[in-house]
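> Got a predicted structure here, sequence first:
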4 protein chains.
Amino acid sequence: MPKVGVGPIRRKELIAATISIIHESKLSDPTLAEISAKAGLSTSIINHYFQSKKKLLEHTMRELASSFIGEVTLGTSVAETPTDRINAVIDGNLAPSQCTPEAVSAWLWFWARVPVSEEFAKIQHACDRYIAKELTIAVKELIPAEDVDDVVEGIMATMYGLYLRFAHDPKKIDVETARRITKDLVFYRVNENHCASCD
Amino acid sequence: MPKVGVGPIRRKELIAATISIIHESKLSDPTLAEISAKAGLSTSIINHYFQSKKKLLEHTMRELASSFIGEVTLGTSVAETPTDRINAVIDGNLAPSQCTPEAVSAWLWFWARVPVSEEFAKIQHACDRYIAKELTIAVKELIPAEDVDDVVEGIMATMYGLYLRFAHDPKKIDVETARRITKDLVFYRVNENHCASCD
Amino acid sequence: MPKVGVGPIRRKELIAATISIIHESKLSDPTLAEISAKAGLSTSIINHYFQSKKKLLEHTMRELASSFIGEVTLGTSVAETPTDRINAVIDGNLAPSQCTPEAVSAWLWFWARVPVSEEFAKIQHACDRYIAKELTIAVKELIPAEDVDDVVEGIMATMYGLYLRFAHDPKKIDVETARRITKDLVFYRVNENHCASCD
Amino acid sequence: MPKVGVGPIRRKELIAATISIIHESKLSDPTLAEISAKAGLSTSIINHYFQSKKKLLEHTMRELASSFIGEVTLGTSVAETPTDRINAVIDGNLAPSQCTPEAVSAWLWFWARVPVSEEFAKIQHACDRYIAKELTIAVKELIPAEDVDDVVEGIMATMYGLYLRFAHDPKKIDVETARRITKDLVFYRVNENHCASCD
DNA sequence: GATGAATGAGGGTTCATTCAT
DNA sequence: TATGAATGAACCCTCATTCAT
């Protein structure tokens, strides 16, 4: 049983503090002073565990993305039908754990900084690719091949757009509503079952 | 004929420079030095025409929003059917003028700073309200009342989400694709005509 | 009859505005923007009539000193006895025109800037010399020669000190009180008449 | 034995440097660059130990006032007669430690900035009140009650006025002269012993 | 492992001044 | 005579980072 030093603990504390501060400071760039104060530690400790502020932020976003992908995978790995899989992706994207005010703030902050950091871009790209891949697998079994890309792109846009709206007005919509809105649009599009005129 | 001083001209130049710099500096916070250099003016001039950096940014975002709303109104004002109106809103949102790399960068930058500024929040809220109102007028003539809000929310989320995707990867999709993706989702949802099983 | 241009008028307006602003801005260094706004003129005009801010301030203080000396001279020129003369100096120093909140503020501001400006030092020195001279003329007729300098110095210190107290708390003492306080100390010192034990 | 960190030391150094610079720069507003250079430290360190320039200046003036009151109290606390007490106040006010060119410059600078700062006003008011109180205790045992306030006010004005004259011309008078001038005026006023006509 | 001391680069802002009109 | 446009120097302050302890 490997002895877990205090290092990993501190790192997690600092990452958590970073996300908190991004939210509390209303998406303004977090300062090391704020973060370390939140974690109850000294400023210097950040450069001790991470090498720089940049790397702390990158680790933070990697953590965020990791949790996000984990949440989605949890659902898709047990999906049996295309519909199941689509539902799983949507439920994972819009899972309660991903829609806390803190997480949503962090995501928006992150998205707006993607262009400034190679590393951020990589992380974001990986997330996108993963979700797109999962959705494509399912969607292409439901509609003609030439329509697949558009629909997948549309689904992702809708989910990301709902994040944006969460971030700007957390009280407006809740997780259930967001899931319903997304699925409503999607399944009208991909499922014959949902055609109003056929009911 | 009112004599137009050099003031309004400089203000427009500085606002244009601000948007350019936001894009060029890859969404990092623009500095006055960058902006004024871009405009070929001195740093001091910004505080001369605007009172502070904050106000310059607020004016910039107001300009952005103004142009955006203008573009949408241009279309909706001549729309005759609900379908026309929905198309107009989507076309306006995703108009070429609103989807230049610069504009998209500015919007994303803006969205991520909404929480830090009262003024930003007001501007963003006004835009949202306007688009939501226009869409609601049209959508409620097409589907049951209890579904209207969800669908409107969904349409807006999709459009905003596509902006996000534009911002992260400008080469991936173009204006026409974005419009098609949005309309595809929307009209499958609100129009009996588009039901696949009925064709 | 020499035609009086607008120049001298503007100069007086600007000097008056300077004194007002020194008082209103609570003794912080006045800016040209404040002064010209107060005078209802543009900033540039100051450098037009005076060559620089420095010179405007010097002219302002010269004006202040000039008015001060004038006030004192008005009284001393008609004084017939040493006592008259001393009274005249004190009444002139502490004349209502010299004890307005604005004037007192200007004097304190001025005193604290004497060391920074050659010109200021000259003006202040001239005032000092003049008052000292007038007082000496009178005092040396009342007390032994070897005591004169000390007493003159003491009188001047008392008057200047009262200015200070005016400036810090205008409501505390008024002109009449200030005059009485000064004369009380002085005449107990220089006049046998005021000895309490002799009454 | 409490370990004294480097903090208090630096703070004292910076306060001392501030007073020096006020004097050396001839009462113009000291800049952080000047102060920190004088202390042999970087500019940033000032905001590290004090939070702002404003606070540094407030601490400096508080220190100045503290030393001043300490000096006076040293004398008054052992005064046995009213005359002793008055002498003690005068000697304390005009103590060598309070009449160095640096201290006098700092006091004049301070007095001229009292109106701009709440904190400065508080400090100055406290000093005034303390000196007035001490003098009143003594004076009211020597002269009729209705005259006490005037005389106290006069003594204070004289002492403060002498500071002014020190500041403007350090070579003109020395501590001993200043003390003598003040006491001369005061004791002629409050003591029957000093009446010239009775000798 | 953890901290406080100290720094230096860079930012926004103020302000007197110059110049063309 | 008077002004608005424009500048550049100087200032305060923030903040990530380094280093010795």
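Perfect, thanks for sending it.
> Residue nearest the middle of chain A, spatially speaking?
Centroid-nearest residue in chain A, with Cα atoms, centre = their mean: A:Phe68, separated by 4.8 Å.
> which residues does that one contact?
Applying Cβ atoms under 8 Å, 6 or more residues apart in numbering or on different chains, we find A:Phe68 in contact with A:92-93, A:98, A:127. (Glycine included, C-beta is placed from N, CA and C.)
> Dump these to a markdown table, plus pLDDT.
Listed next are the contacts of A:Phe68 as a markdown table, based on pLDDT from 0 to 100:
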| residue | pLDDT |
| --- | --- |
| A:Gly92 | 97 |
| A:Asn93 | 96 |
| A:Gln98 | 93 |
| A:Cys127 | 96 |
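> Which one of those residues is nearest to D:Ile86?
Using Cβ to Cβ, A:Gln98 comes nearest to D:Ile86 of those, at 78.6 Å.
> for chain A, what spans make up the helices?
A:6-24, A:32-39, A:44-49, A:53-76, A:82-93, A:101-113, A:118-139, A:145-168, A:175-190 (DSSP state H).
> Ok, which of the ones you listed comes nearest C:Arg11?
helix A:32-39 (52.3 Å).
> Taking their axis directions, the closest one and helix A:53-76 sit at what angle?
Interaxial angle, helix A:32-39 versus helix A:53-76 (axes from the mean of the first three to the mean of the last three Cα atoms, to 10 degrees): 50 degrees.
> re earlier: I'd like to know which of the helices of chain A lies nearest to DNA strand E.
The minimum distance between DNA strand E and these falls on helix A:44-49, with 3.2 Å, by Cβ to the nearest atom of the strand.
> touching DNA strand F at all, that closest one?
Yes. Using Cβ under 7 Å from any atom of the strand, helix A:44-49 reaches DNA strand F at A:44, A:46-47.
> Out of those, who's the most crowded?
Neighbour counts for the residues of helix A:44-49 next to DNA strand F peak at A:Ile46, which has 24 neighbours (criterion: other Cβ atoms under 10 Å in any protein chain shown).
> Quick one: residues contacting that residue.
A:14, A:32, A:35-36, A:53, A:56.
> how about the nearest residue to it, chain neighbours excluded?
Computed as Cβ to Cβ, 6 or more residues apart in numbering or on different chains, the closest residue to A:Ile46 that is not its neighbour in sequence is A:Leu32, at 5.4 Å.
> any idea how far the one you found is from chain B?
17 Å (Cβ to the nearest Cβ, to the nearest Å).
> show me what contacts that residue?
A:43, A:46, A:53.
> same thing but at 10 Å, please
With contact taken as Cβ atoms under 10 Å, 6 or more residues apart in numbering or on different chains, A:Leu32 is in contact with A:14, A:18, A:21, A:42-47, A:52-53, A:56.
> quick one: pLDDT of A:Glu192?
For A:Glu192, the model assigns a pLDDT of 57.
> still on that earlier bit, out of the contacts of A:Phe68, which are close to chain C?
Among the contacts of A:Phe68, none lies close to chain C by the criterion of Cβ under 10 Å from any Cβ of the partner chain.
> Scan the residues you listed and report the most crowded one.
A:Asn93 (26 neighbours).
> what's the distance between the closest residue to A:Leu135 other than its chain neighbours and chain D?
Distances taken as Cβ to Cβ, 6+ apart put A:Val152 closest to A:Leu135, at 4.6 Å, once the chain neighbours are dropped. Distance from A:Val152 to chain D, counting by Cβ to the nearest Cβ: 52 Å.
> Equivalent analysis for A:Ala157, please.
46 Å.
> quick one: contacts for the closest residue to that residue other than its chain neighbours?
Spatial nearest neighbour of A:Ala157, excluding adjacent residues (Cβ to Cβ, 6+ apart): B:Gly161 at 3.2 Å. Residues in contact with B:Gly161 (Cβ under 10 Å, 6+ apart) are A:153-165, B:178, B:181-182.
> Spatially nearest residue to A:Lys140 (excluding sequence neighbours)?
A:Val148 (4.7 Å).
> pLDDT wise, what is the one you found at?
96.
> Would you mind confirming that it is in contact with A:Val139?
Yes. The pair A:Val148 / A:Val139 is scored as a contact, 5.2 Å apart, by Cβ atoms under 10 Å.
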